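Visitor: the following block contains a protein sequence and its predicted model.
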Number of protein chains: 2
Amino acid sequence: MASSNGFHVCVIGLGSMGMGAARSCIAAGLQTYGVDLNPAARDALREAGAVEVGTDAGAFADRLDAVLLLLVNAAQCRAVLFGENGLAAKLRPGTGVMVSSTIAVADAKEIEKGLSERGLLMLDAPVSGGAAKAAAGQMTVMAAGPRAAFDRLRPVLDAVAGKVYEIGETAGLGATVKIIHQLLAGVHIAAGAEAMALAARASIPLDLMYDVVTNAAGNSWMFENRMKHVVDGDYTPRSAVDIFVKDLRLVTETGLSLNFPLPLATTAYSMFANASNAGYGKLDDAAVIKSFAGIRLPGDEEGQ
Amino acid sequence: MASSNGFHVCVIGLGSMGMGAARSCIAAGLQTYGVDLNPAARDALREAGAVEVGTDAGAFADRLDAVLLLLVNAAQCRAVLFGENGLAAKLRPGTGVMVSSTIAVADAKEIEKGLSERGLLMLDAPVSGGAAKAAAGQMTVMAAGPRAAFDRLRPVLDAVAGKVYEIGETAGLGATVKIIHQLLAGVHIAAGAEAMALAARASIPLDLMYDVVTNAAGNSWMFENRMKHVVDGDYTPRSAVDIFVKDLRLVTETGLSLNFPLPLATTAYSMFANASNAGYGKLDDAAVIKSFAGIRLPGDEEGQ
């Protein structure tokens, strides 16, 4: 393997998580490349010290020791790796590919199969922590894959992660743990919205309700973080309703694939899907509360 | 009003919360009385320094400045206050009555009406925090009532509460805030159980899943506290499944009374009711996970 100073990694997908991860790789002294369709994201990463950026990784694929995928979904991962002009065929055998998007278990397994057929080492490694932790190189990584993949990707894990959970050797275990985590995250946002909507209906001041809950056993990480947006009437998207439509769909599909009932998660999925269909999909995920009719919330116009 | 040293308070209902509150009153120097049907609880409080204990408060009712009710439900509160040999008729006008059981809004209003007709000052004041906070005199109190009731009960509030939320003047507002808090508490326990059950079904080690969630944004106070019991396979009741059958029933009835949908709370109610009907009602509330079939949990017998 190349020395850490000579370690070449490309981050594909320079959204809030990918951009943070790429900057963390630069900060750790890795030779860092970036790929995104958005020119502003490419410019920002070049500015930050990337070796090279582009709309695909073809031009520098044969130099890479590692690839980190932080795309929106499995379809994008498949297109980049195996589509027209696909990257998998251009990487050197033994290159590590860390797939960190939140994807279905079946997709993780299928992508692993395609990569291993080309002699590439995949880590099924979803991440958590949000943009702030990504920027600080402190993401939580839930990783599954063969020992060789962990070893190959060690410099990247050291650069981007505050905590790495090694879940097992089989592709799909990382995806499963992330999906179960998202079950909780999504249900907690929806439950927070339901509770605050009921408070509004019962004429309880929402700032008081927020204060009580965050100082008592009914609190959750998501309640404390997201219901503040409701109290402030500020739905500027930090994470959007449509992200949880996607993630709770993955949760629901996981339950179906295991023939296992998930009464709360499927209910929360319906609440986010309904909010999206009502036109709130691009707003902050706390806007799931807006699908409750018959209440007035902070920030609502008079007479609404 | 009597000086603080000469302030006489009776705690009715010496369960884990009531016993803690009564001991906190003694520790604060109040002249403390205790009422419970359980002789062991009465003996324990007498031992701890109570002035007098009994199966009802009739013998010392005319000495009391305040009464604190920490009974299981509204029916018990009504029986003690207005039933045969009822206490309300024996208290001096101006005595403060703090009703801290978790009860329905309509019940809080009805009890307030009965008390005020007899010249008594009611505080609708549910509490939160569990046995440990009660024992430490650090309960969270969500209180509504007239200024005179707050004033009259100040020595008791100072003795038992770490934090007092003054929600308003109208009886029922305290009950409402507590019920909304219990919506979150109950949904979070049920969501934790659903997530851990899915992890078991997907062959994810539960201790690893617990570790990931408690270090990430999917965490809740209840997940961290209650799912530890699942990881340990220990369902010794700290709070029982049947308590949440009762509390989520109150949540559901509150939604119905306000003509307001509560999709997650009603689903969680069904999960707890199903667990109770399956025979787990007296176990720790984390045992709601046992109603998920087709999984093996820590502590399950081989071959189950």
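Guide: Sure thing, it's come through.
Visitor: count the neighbours of the closest residue to chain B within the stretch 1-150 of chain A for me.
Guide: Per C-beta to the nearest C-beta, A:Ser128 is where the stretch 1-150 of chain A lies closest to chain B, at 4.7 Å. The way it works is simple: take the backbone N, C-alpha and C, and place the C-beta from them, glycine included. For A:Ser128, the tally of surrounding residues (other C-beta atoms under 10 Å in any protein chain shown) stands at 25.
Visitor: tell me which element the closest residue to A:Ala202 other than its chain neighbours falls in.
Guide: Of all residues not flanking A:Ala202 in the chain, B:Thr176 sits nearest, at 4.9 Å (C-beta to C-beta, 6 or more residues apart in numbering or on different chains). Using DSSP states H and E, B:Thr176 sits in helix B:173-201.
Visitor: okay, the angle between that helix and helix A:173-201?
Guide: 170 degrees (axes from the mean of the first three to the mean of the last three C-alpha atoms, to 10 degrees).
Visitor: what residues of the helix or strand following helix B:173-201 count as buried?
Guide: Sequence order places helix B:206-214 as the next helix or strand after helix B:173-201, per DSSP H and E. Neighbour-count burial for helix B:206-214 flags B:206, B:208-210, B:212-213 (criterion: 16 or more other C-beta atoms under 10 Å in any protein chain shown).
Visitor: please apply the same query to stretch A:148-156.
Guide: Buried-residue list, stretch A:148-156, by 16+ other C-beta under 10 Å: A:149-150, A:152-156.
Visitor: likewise stretch A:282-301?
Guide: A:283-292, A:295, A:297.
Visitor: can you tell me the average pLDDT over it?
Guide: Averaged over stretch A:282-301, pLDDT sits at 96.
Visitor: do stretch A:111-131 as well
Guide: 95.
Visitor: equivalent analysis for stretch A:193-212, please.
Guide: 97.
Visitor: in terms of secondary structure, what does the helix or strand bottoming out on mean pLDDT in chain A contact?
Guide: In chain A, no helix or strand scores lower on mean pLDDT, DSSP states H and E than helix A:130-135, which sits at a mean of 88. Applying 3 or more C-beta pairs under 8 Å, 6 or more residues apart in numbering or on different chains; DSSP states H and E, we find helix A:130-135 packed against helix A:16-27.
Visitor: before we move on, the earlier item: give me every residue that touches the residue nearest to A:Ala202.
Guide: By C-beta atoms under 8 Å, 6 or more residues apart in numbering or on different chains, the contact set of B:Thr176 is A:199, A:202, A:204, B:105, B:254.
Visitor: quote the end-to-end distance of stretch A:122-138.
Guide: 21 Å (C-alpha to C-alpha, to the nearest Å).
Visitor: and the contacts of B:Thr176 as JSON lines, adding distance to B:Ala48?
Guide: Below are the contacts of B:Thr176 laid out as JSON lines (distance: C-beta to C-beta, whole Å):
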{"residue": "A:Ala199", "distance to B:Ala48": "38"}
{"residue": "A:Ala202", "distance to B:Ala48": "38"}
{"residue": "A:Ile204", "distance to B:Ala48": "36"}
{"residue": "B:Val105", "distance to B:Ala48": "34"}
{"residue": "B:Thr254", "distance to B:Ala48": "36"}
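Visitor: where does chain A have low pLDDT?
Guide: Across chain A, the ranges flagged by pLDDT under 70 are A:1-5, A:302-304.
Visitor: is any part of stretch A:229-245 close to chain B?
Guide: No - if you take C-beta under 8 Å from any C-beta of the partner chain as the test, stretch A:229-245 misses chain B, and the best it gets is 9.7 Å.
Visitor: now that stretch, how far from the centre of its chain.
Guide: 15 Å (C-alpha atoms, centre = their mean, to the nearest Å).
Visitor: which parts of that stretch are buried?
Guide: A:229-231, A:235, A:237-245.
Visitor: from those residues, which is closest to chain B?
Guide: Distances from chain B to those, taken by C-beta to the nearest C-beta, are shortest for A:Ser239, at 9.7 Å.
Visitor: please name the nearest non-neighbouring residue to that closest one.
Guide: Nearest to A:Ser239 is A:Asp285, by C-beta to C-beta, 6+ apart, at 5.2 Å.
Visitor: phi and psi next, for the one you found.
Guide: In terms of degrees, to the nearest 10, the main-chain angles of A:Asp285 are phi -60, psi -20.
Visitor: show me which residues of the stretch 201-304 of chain A sit near chain B.
Guide: Checking the stretch 201-304 of chain A against chain B by C-beta under 8 Å from any C-beta, the hits are A:201-202, A:204, A:208-209, A:211-213, A:215-223, A:225, A:254-255, A:258-265, A:267-268, A:270-271, A:292, A:294.
Visitor: try it again with 7 Å
Guide: A:201-202, A:204, A:208-209, A:212-213, A:215-223, A:255, A:258, A:260, A:262-265, A:267-268, A:271, A:294 (C-beta under 7 Å from any C-beta of the partner chain).
Visitor: one more: the stretch 51-200 of chain A?
Guide: For the stretch 51-200 of chain A, the residues in contact with chain B (C-beta under 7 Å from any C-beta) are A:128, A:130, A:140, A:142, A:163, A:165, A:167, A:173, A:176-177, A:180-181, A:183-185, A:187-188, A:190-191, A:194-195, A:198-199.
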